[in-house]
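Student: below is the structure, and that's it, no one-letter string:
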């Protein structure tokens, strides 16, 4: 498995877990039902002044409990700091500006994964990590580990529930995102530019548009990395897909051209879908 | 041309009085009916091009800061006058006393061809709510299956139904609707005829259409008609605020992130052919006017990135046989949700429901 594939899966697991906190009928709403709300994503927390910060993927909270969800896409890598999660205290949360509704708030840590859960579970046991483990595949079900401190979570995750479709796309990319994670949003930005008659753009402009309001809080190094990936992606689209009939480049300036007629727009949509399918079969590392 | 709001009111009141007298004496109107179109505007008046399609606009201010005369010119046709009231920043009122099809054609171009300009889209539940303070004396129902093909339909499915009823009292309307419901016929109203009868006289008889057109068929007080239009806008605005509060974003906070908003969920009354529906809805064509592409597809699941061609705003949509989900990003115009839902109701699935976190929106 390449890095790219692995990060895609991590994003997929993240969204599968985040989706549980929304009141949806088309996807399980286990965390919504048990009163949990999403509080933070990828919150850096210092539990030990001699060590670096830990960064659990998602923090959910209800009136009486907190749940740190660690999303795992691999089978063997459990993470350097995962044992530290159990050391997080209310004080750590307060320091991060998180509202505590109950001085007796108890904190759970849950490991969430997909088809990797069976192998990962063995690995966790070997490392003596006993956090409750939940698999979200064709169905959602607790697969091992200790009981959740919150009895409602323990009950709801112990009742298997079938999932049809996929979780909503709450977050679109993360630090290690691969091509297929951000490619749809780049193409989406091109469409928006066609509609708004803003046909010329630089790689940096289109990258910041795709990232949206998060762009301004990203550090410069990360922004540059993303721009490099997007530049590579645009060149791939231009050279190796049917989008070559719509994309033009002159020095640093790109141009998108699609006639504002439903037939041309439909053709562009089909080209986008084909380009995305092509990405699914390969990665930019091949070019 | 008018120079003030007072002159506009006088002009419209004169017209309705003349029409009322003529209706009573000769059974026909003396002049064209007063019509109001509610326009959803995501831009300022200065952003409106003075030329589009075959039309040329001449916009002239009045003494009222928000009121304008618009002279509309089209080659080989007589120019005509519209009166634009921009008092409500996002919902403009376009008054006219002109021939019906001339206005229809203009509004069609105005709301479909200009970026950031749209009509409003009221599903039948909103038209029903308008009737609660007045006497309902008629309605139109229009349902035409334009998305699903014959082989997707069951024997009992109705692929087309058009009905227009005008009645003297409210009872016939109610009974006909109940009869349709009992027999599982579509009851998606596309217009409702409302009578405001106070102090022994007809204050107004207005026909309100799903797209924000309101025709004053009969009346004695123009203020009552204008007040009624404002209440339609209030109701729409209230829903818009609710819808736009669900727009989704990821906010940075103390070295972490915090997600805001909720996806919308559309529940179809029966399983749909997702490829066919996606193709129709995302085809950059009337009436949905959404443009998108599929970027994730497996059994019974499609994921789409799309753009609202009215605004250029982006959105995400997931499609499943029983449900569709829509994520609107922060800043996106919520009118897309009204347009999508109203058009699914009128041209695909009359029993469709749309939810936000708190339940059914309409």
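Tutor: Here it is on my side, so go on. The model shown is predicted, which means the values in this text are computed figures rather than measured ones.
Student: tell me where the stretch 51-200 of chain B has strands.
Tutor: Using DSSP state E, counting those that start in this stretch, the strands of the stretch 51-200 of chain B run over residues B:51-52, B:55-61, B:67-74, B:80-85, B:91-96, B:117-119, B:135-144, B:160-166, B:189-198.
Student: would you map the helices across chain B?
Tutor: With DSSP state H as the criterion, chain B has helices at B:5-26, B:100-113, B:124-130, B:171-182, B:222-244, B:274-281, B:335-347.
Student: most tightly packed of these?
Tutor: Mean neighbours per residue, mean count of other C-beta atoms under 10 Å in any protein chain shown, is largest over those for helix B:335-347, with a mean of 24. Where C-beta positions appear, they are placed from N, C-alpha and C, glycine not excepted.
Student: shouldn't residue B:236 be in contact with residue B:38?
Tutor: Yes: under the criterion of C-beta atoms under 8 Å, residue B:236 makes contact with residue B:38 at 7.5 Å.
Student: shared neighbours of these two, anything?
Tutor: B:91, B:120 (C-beta atoms under 8 Å, 6 or more residues apart in numbering or on different chains).
Student: and whatever residue of chain A ends up closest to chain B, what does it touch?
Tutor: Using C-beta to the nearest C-beta, the single residue of chain A nearest to chain B is residue A:43, 3.2 Å away. Neighbouring residues of residue A:43 by C-beta under 8 Å, 6+ apart: A:55, A:56, A:59, A:96, B:254, B:255, B:256, B:257.
Student: from the residues you listed, which two are the most distant?
Tutor: Using C-beta to C-beta, these span at most 14.0 Å, a distance reached by A:56 and B:254.
Student: these two - which one has more neighbours?
Tutor: Between residue A:56 and residue B:254, counted using other C-beta atoms under 10 Å in any protein chain shown, the more crowded position is residue A:56 (25 against 13).
Student: where does that one land in three-state SS?
Tutor: coil (DSSP: H, G, I helix; E, B strand; the rest coil).
Student: for the nearest residue to residue B:307 once chain neighbours are set aside, grab the count of nearby residues.
Tutor: Distance criterion C-beta to C-beta, 6 or more residues apart in numbering or on different chains; nearest residue to residue B:307, sequence neighbours excluded, is residue A:191 at 4.4 Å. By the criterion of other C-beta under 10 Å, residue A:191 has 25 neighbours.
Student: who are the contact partners of residue A:191?
Tutor: Contacts of residue A:191 (C-beta under 8 Å, 6+ apart): A:258, A:268, A:272, B:291, B:292, B:293, B:305, B:306, B:307, B:314.
Student: can you put the helices of chain B in CSV and add distance to residue A:231 and mean pLDDT?
Tutor: Shown next, in CSV, are the helices of chain B (distance: least, C-beta to C-beta, whole Å; pLDDT from 0 to 100):
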stretch, distance to residue A:231, mean pLDDT
helix B:5-26, 55, 88
helix B:100-113, 35, 93
helix B:124-130, 47, 95
helix B:171-182, 58, 86
helix B:222-244, 34, 97
helix B:274-281, 30, 95
helix B:335-347, 31, 97
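Student: what subset of the contacts of residue A:43 is buried?
Tutor: A:55, A:56, A:59, A:96, B:256, B:257 (16 or more other C-beta atoms under 10 Å in any protein chain shown).
Student: wait, the last one sits on residue A:42?
Tutor: Meaning residue B:257. Yes: the pair residue B:257 / residue A:42 is scored as a contact, 6.2 Å apart, by C-beta under 8 Å.
Student: element containing residue A:210?
Tutor: Residue A:210 is part of helix A:203-211 when elements are defined by DSSP states H and E.
Student: list the contacts of that helix.
Tutor: A:173, A:182, A:185-186, A:188-190, A:192-193, A:215, A:218, A:223, A:226-227, A:230-231, A:234, A:252, A:254.
Student: at 7 Å what do you get?
Tutor: Under the criterion C-beta atoms under 7 Å, 6 or more residues apart in numbering or on different chains, residues A:182, A:185, A:186, A:189, A:215, A:226, A:227, A:230, A:231, A:234, A:254 lie in contact with helix A:203-211.
Student: using ChimeraX, define a selection of the buried residues within the residues you listed.
Tutor: Selection of the buried residues among those in ChimeraX, burial being defined by 16+ other C-beta under 10 Å:
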select /A:182,185,186,189,226,227,230,231,234,254
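Student: so which of the contacts of helix A:203-211 are also by chain B?
Tutor: residue A:185 (C-beta under 7 Å from any C-beta of the partner chain).
Student: between the contacts of helix A:203-211, which is nearest residue A:89?
Tutor: Closest approach to residue A:89 among the contacts of helix A:203-211 (C-beta to C-beta): residue A:215, at 33.5 Å.
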